[in-house]
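> Give me coordinates for this.
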Amino acid sequence: MDRISVAGLLLGLAAIIGGQVLEGGHLASLLQPTAFFIVVGGTLGAVMLQSPLSVFRQGMKMGVWVFYPPLVEPQKHIAEISRWSQIARKEGLLALEAQIPAVRDPFAAKGLQLLVDGAEPERLREVLEVEISAWEHSLKAGAKVWESAGGYSPTIGIIGAVMGLIHVMENLSDPSKLGSGIAVAFVATIYGVGAANLVFLPVAKKLMANIARIVTQREMLVDGLVGIANGDNPRVLESRLQGYFV
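Below you'll find the model as predicted:
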């Protein structure tokens, strides 16, 4: 679990709630189901309207990455590439075919298979980089679902605030209904701006950072496979790959 994500979310909520209490306000005044329904429902609807179903699903599934990010193990991959390089140097590229069944990463297995099949270094790089680009574009589209939610949420909060004020204006003759209308108006704004800046936008940025790390690892893998195809010295190759994750 990514502890800093949990700590950041809890700290943000604690700061807002703590500030409310220190100002002498009541916690219950921040709990407005109507405002929550307007902001969350309106934001969700706007995001669903702009996104294809496949992209929306991708974005929702990727939300887990904030707390359980994909495993990135550069040192493990560098050691593996170095071992492949030594095998290829001693026994030839065809000897690497026996290593393919043990490779769990489908991308790495595909690259190794292309290497064994005798693909030219530049062709090998071209094929794998096209796959990286398409895969990165798909993941970034999912992350932008959260970024879009961060853009819509404050505006939906303002809509909720205006609706609350309309309710107040309609009931000026009944003072008993004024308090609830004003509460919905202000709390809807808090929900909209707070959700955008404490949840949606930070989640989008976190997903982008995770995507960047995975892409870097895959680029490192491509560089390593191309280095093996070119017959680079295993030690030189390993030293070069170390530079991807300083």
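> those helices in this protein, which residues are they?
3-22, 33-50, 53-62, 74-91, 106-116, 121-170, 178-195, 201-229, 234-242 (DSSP state H).
> Can you tell me which of those helices is nearest to residue 97?
Closest to residue 97 of the helices of the chain is helix 106-116 (Cβ to Cβ; 4.7 Å). Glycine gets a C-beta too; all of them are placed from N, C-alpha and C.
> Restrict that closest one to CA atoms and write it as PDB.
Only the C-alpha atoms of helix 106-116 are listed here, as PDB (Å, rounded to 0.1, in the frame of the first residue of the first chain):
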ATOM      1  CA  PRO A 106       3.800 -10.300 -21.500                       C
ATOM      2  CA  PHE A 107       5.600  -7.300 -22.900                       C
ATOM      3  CA  ALA A 108       9.000  -8.600 -21.900                       C
ATOM      4  CA  ALA A 109       8.100 -12.100 -23.300                       C
ATOM      5  CA  LYS A 110       7.100 -10.600 -26.600                       C
ATOM      6  CA  GLY A 111      10.300  -8.600 -26.900                       C
ATOM      7  CA  LEU A 112      12.400 -11.600 -26.000                       C
ATOM      8  CA  GLN A 113      10.600 -13.700 -28.600                       C
ATOM      9  CA  LEU A 114      11.200 -11.000 -31.300                       C
ATOM     10  CA  LEU A 115      14.900 -11.100 -30.300                       C
ATOM     11  CA  VAL A 116      15.000 -14.900 -30.600                       C
END
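> okay if I get the helices of the chain as JSON lines plus mean neighbour count, distance to residue 99 and mean pLDDT?
Formatted as JSON lines, those follow (neighbours: other Cβ atoms under 10 Å; distance: least, Cβ to Cβ, whole Å; pLDDT from 0 to 100):
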{"stretch": "helix 3-22", "mean neighbour count": "12", "distance to residue 99": "35", "mean pLDDT": "86"}
{"stretch": "helix 33-50", "mean neighbour count": "17", "distance to residue 99": "44", "mean pLDDT": "92"}
{"stretch": "helix 53-62", "mean neighbour count": "15", "distance to residue 99": "31", "mean pLDDT": "95"}
{"stretch": "helix 74-91", "mean neighbour count": "17", "distance to residue 99": "6", "mean pLDDT": "91"}
{"stretch": "helix 106-116", "mean neighbour count": "18", "distance to residue 99": "7", "mean pLDDT": "92"}
{"stretch": "helix 121-170", "mean neighbour count": "17", "distance to residue 99": "16", "mean pLDDT": "91"}
{"stretch": "helix 178-195", "mean neighbour count": "20", "distance to residue 99": "48", "mean pLDDT": "80"}
{"stretch": "helix 201-229", "mean neighbour count": "20", "distance to residue 99": "11", "mean pLDDT": "94"}
{"stretch": "helix 234-242", "mean neighbour count": "16", "distance to residue 99": "15", "mean pLDDT": "90"}
